[in-house]
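Colleague: Model the following, please.
(one chain, ligands or ions: 1)
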Amino acid sequence: MKSLLHKPLLSAVSILEFLVIVAALASAIMAQEIQGKVSGARAGTVVYVDWISGKDFKGQGKHVTMDQKGMTFRPHSLVVLRGTTVDFLNSDAVGHNVYWKSVGGDKSKGNNMGTWPQGQTKSFVFWDAGAVPLLCNVHTEMSGYIFVVPTPYYALTKADGSFDIKGVPQGHLTLKTMGGGASKSKQVDVGAGITNVEL
Ligand SMILES: [Cu+2]
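Modeller: Predicted coordinates for the structure are as follows:
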């Protein structure tokens, strides 16, 4: 009699324990996500998590390509983590130049990479966070953007201003925007699962 009562009780406890363990594992594995909308924004505004104290994210060793093709910068907007190397490629049959007047509005960070022919690449490592408006002094109608961000947690807004940043750490974070007008900023408490933010 005693053993009959005891057995189902034991198995009920172990099922509960099992479910608790599964739930704990799932929340640990499941990445946190920030979803939201930047009011008034169109496609191409960068939304990013600002510096996190105690963390020093670097894109060191990582290469991404900014192409000049069909007389345009491709992609038009490129977001990179600071420390990332941008390989400027010329895919057109004409010479293209690459220069920027400032980084994050700081004119002392302006640079002219020079002009080079088709098939060649010149590289630059971007360490300073901020917007880099790209120009070509051969073709004044050409323009592009590199947005250098301080953390690997970022997204570009879609046409309706919505965004989605996956894999964000939990905690008290600052969300900021870059490009597309005046910069916005908001404190966010990221918990498990999805956190919704309006900027
Ligand atoms: Cu050009």
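
Colleague: can we go C-alpha only for contacts and neighbour counts from here?
Modeller: OK.

Colleague: Surely Ile194 touches Asp164?
Modeller: No: between Ile194 and Asp164 there is no contact under Cα atoms under 8 Å: 9.6 Å.

Colleague: which residues are common contacts for the two?
Modeller: 33-35 (Cα atoms under 8 Å, 6 or more residues apart in numbering).

Colleague: surely Ala192 meets Pro169?
Modeller: No: Ala192 is beyond contact range of Pro169, at 9.1 Å (criterion: Cα under 8 Å).

Colleague: residues bridging contact with those two, i.e. touching both?
Modeller: 31-32.

Colleague: Ile194 and Asp164: which has the busier surroundings?
Modeller: Comparing Ile194 with Asp164 by other Cα atoms under 10 Å, the one with more neighbours is Asp164, at 20 against 17.

Colleague: mind checking which helix or strand of the chain has the lowest mean pLDDT?
Modeller: Sorting the helices and strands of the chain by mean pLDDT, DSSP states H and E puts helix 2-29 at the bottom, at a mean of 58.

Colleague: next helix or strand past that helix?
Modeller: strand 32-37 (DSSP states H and E).

Colleague: For that following strand, enumerate the helices and strands it packs against.
Modeller: strand 162-168, strand 194-198 (3 or more Cα pairs under 8 Å, 6 or more residues apart in numbering; DSSP states H and E).

Colleague: Most tightly packed of these?
Modeller: strand 162-168 (a mean of 19; mean count of other Cα atoms under 10 Å).

Colleague: That strand packs against which elements?
Modeller: strand 32-37, strand 154-156.

Colleague: Name the residues of the helix or strand just after it that are buried.
Modeller: Using DSSP H and E, the next helix or strand after strand 162-168 towards the C-terminus is strand 171-178. For strand 171-178, the neighbour count (16 or more other Cα atoms under 10 Å) marks 173, 175-178 as buried.

Colleague: swap in stretch 96-105?
Modeller: 96-104.

Colleague: Now flag whichever of those is closest to the ion.
Modeller: Distance to the ion, by Cα to the ion, is smallest for His96 among the buried residues of stretch 96-105, at 3.7 Å.

Colleague: give the contact list for the closest residue to the closest one other than its chain neighbours.
Modeller: Spatial nearest neighbour of His96, chain neighbours left out: Thr115 (5.4 Å); criterion: Cα to Cα, 6 or more residues apart in numbering. Thr115 sits next to 95-98 when contact means Cα under 8 Å, 6+ apart.
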